[in-house]
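Student: this one's sequence-less:
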């Protein structure tokens, strides 16, 4: 296995040198051909996915996990749409960020460059295969994909179609490669290849992220867990709050930007919570509340301390009544994962205080946490959502997959 992974990395390095100088037209034509291929080979993709979903059901994975794994016609169309959107975006490679002239006459500039080879280690969602590969190609990077064993058939099928379509339009061989070895050791082998892989991006559960960070000799950008909150302020439009909170939890509970804890100001709790919880229950959401929440709506489960620190990724929600915006911010600071946080309020000062003081990649006023997404932000499909601060934070689009270099123009200057 070690030789196989090493060979993939070497091939990717060779491809990356050609990709970094590839014309925008070839990259865009390749992405458009990939989009067409996914839609034209829908039955091929769904047949592969059917095997994965059957295996997941046999292992009795959660409904949320099966949802993340499942492909259907609409989701395949969404993948194709993402590819076309990325093709339509400006090419970041070669962009001159700024230029200036020094007193000695040297003209110095800074331009965007490709990173080289990017390794993606991810779980469950097969659409990640298309999203991440397309972003890497448009930004001039070769990509090595290592998905989870639960989606192996789907990932192989998607990678095969992307590679075939790309090569038909002039994409270098081995620009997109998938590691088909499902054993965990493949990850550890991959993480040692710093001579060939320039960046590792893990996407998945906390244990996967921690394993990658602790074992990689390659720089890592973390896409850690999403423990997101919606805070209903004392000055909230309560009907708006109900719509936002419901969407943040129920629209797609198995993703990282779904709400896991609802915080409600004590002054509006008695008016807000009974109808809100009734609405959640009708959608089969299990509610776990603090004692103040249970005093208002008794027929819910007790929230334990570990609930405030749990990313459910399922139709489970913890609710806490807080005394002030200070308490809400303090709770988010203690338990949040710095991914996506929201306040519902009509108070201008409270909205700006929340925006300033809450430390997260995306902070919303009067909008659902579910909007933390590269597509929703106009970045095309996203590489993921970085929860760290270097070298990028939040949804990662094309610019975040580039580095920079200085270019210097002279006319004979020497340093004295």
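Tutor: In hand now; what should we look at? As the structure is a prediction and not an experimental result, all values here were calculated from the model.

Student: Relative to residue 272, how far out is the closest residue to residue 281 other than its chain neighbours?
Tutor: The shortest distance from residue 281 to any non-neighbouring residue, by CB to CB, 6 or more residues apart in numbering, is to residue 287 (6.9 Å). Where you see a C-beta, it was placed from the backbone N, CA and C, and this is true even at glycine. Distance from residue 287 to residue 272, counting by CB to CB, to the nearest Å: 14 Å.

Student: now swap in residue 414 and tell me
Tutor: For residue 414, the distance to residue 272 - CB to CB - is 72 Å.

Student: Those two: who's more crowded?
Tutor: Higher neighbour count among residue 414 and residue 272: residue 272, with 23 against 6, using other CB atoms under 10 Å.

Student: looking at this, that one is in a helix?
Tutor: Yes: using DSSP: H, G, I helix; E, B strand; the rest coil, the secondary structure at residue 272 is a helix.

Student: pretty sure it contacts residue 238?
Tutor: Yes: counting by CB atoms under 8 Å, residue 272 does reach residue 238; the two are 5.2 Å apart.

Student: and for those two, which residues touch both?
Tutor: Jointly contacting residue 272 and residue 238 under the rule CB atoms under 8 Å, 6 or more residues apart in numbering are residue 232.

Student: Neighbours of the residue nearest to residue 281, how many?
Tutor: 22.

Student: That one: what's it in contact with?
Tutor: Contacts of residue 287 by CB under 8 Å, 6+ apart are 277, 280-281, 297, 300-301, 317, 319.

Student: one more time with 10 Å, if that's ok
Tutor: 262, 273, 276-277, 280-281, 293-294, 297, 299-301, 303, 315-319 (CB atoms under 10 Å, 6 or more residues apart in numbering).

Student: quick one: it and residue 108, what's the gap?
Tutor: The gap separating residue 287 from residue 108 is 59 Å, by CB to CB.

Student: and what of residue 183?
Tutor: For residue 183, the distance to residue 108 - CB to CB - is 49 Å.

Student: for residue 41, same thing?
Tutor: 49 Å.

Student: same check, this time on residue 122
Tutor: 39 Å.

Student: Tell me which of those two has more neighbours.
Tutor: Between residue 122 and residue 108, counted using other CB under 10 Å, the more crowded position is residue 122 (23 against 14).

Student: can I assume that one is in contact with residue 208?
Tutor: Yes: the pair residue 122 / residue 208 is scored as a contact, 8.3 Å apart, by CB atoms under 10 Å.

Student: which residues are common contacts for those two?
Tutor: 148, 202, 223.

Student: ok, and the most crowded of those residues?
Tutor: Most neighbours among these, by other CB under 10 Å: residue 202, with 26 neighbours.

Student: got a list of what that one touches?
Tutor: Residue 202 neighbours (CB under 10 Å, 6+ apart): 119-123, 146, 187, 191, 208-213, 216, 220-224, 384.

Student: Is it in a helix, a strand, or coil?
Tutor: strand.

Student: What sits closest to it if chain neighbours are left out?
Tutor: residue 212 (4.1 Å).

Student: Ok, residue 387 next?
Tutor: In space, residue 387 is closest to residue 224, 4.4 Å off (CB to CB, 6+ apart).

Student: my guess is the one you found meets residue 388, correct?
Tutor: Yes: at 7.8 Å, residue 224 counts as touching residue 388 under the criterion of CB under 10 Å.

Student: what do those two both touch?
Tutor: Joint contacts of residue 224 and residue 388 (CB under 10 Å, 6+ apart) are 213, 338.

Student: Which one of the two is surrounded by more residues?
Tutor: Set residue 224 next to residue 388 and count neighbours by other CB under 10 Å: residue 224 wins out with 24 against 15.

Student: ok, now which ones touch that one?
Tutor: Contacts of residue 224 (CB under 10 Å, 6+ apart): 202-206, 208-210, 213, 256, 311, 337-339, 384-388.

Student: try 8 Å
Tutor: Contact analysis of residue 224 by CB under 8 Å, 6+ apart lists 206, 209, 337, 339, 387-388.

Student: Extract the residue ranges of the protein that are flagged as low pLDDT.
Tutor: By pLDDT under 70, the low-scoring segments of the chain are 1-2, 380-381.

Student: where exactly do the helices run in it?
Tutor: Ranges of helices within the chain are 2-19, 24-40, 42-58, 63-69, 73-88, 127-138, 152-168, 185-190, 206-215, 238-250, 266-282, 291-296, 325-335, 348-357, based on DSSP state H.

Student: Could you dump those helices into a markdown table with distance to residue 404 added?
Tutor: Converted to a markdown table, the helices of the chain look like this (distance: least, CB to CB, whole Å):
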| stretch | distance to residue 404 |
| --- | --- |
| helix 2-19 | 17 |
| helix 24-40 | 18 |
| helix 42-58 | 37 |
| helix 63-69 | 35 |
| helix 73-88 | 21 |
| helix 127-138 | 17 |
| helix 152-168 | 26 |
| helix 185-190 | 26 |
| helix 206-215 | 25 |
| helix 238-250 | 36 |
| helix 266-282 | 47 |
| helix 291-296 | 49 |
| helix 325-335 | 33 |
| helix 348-357 | 29 |
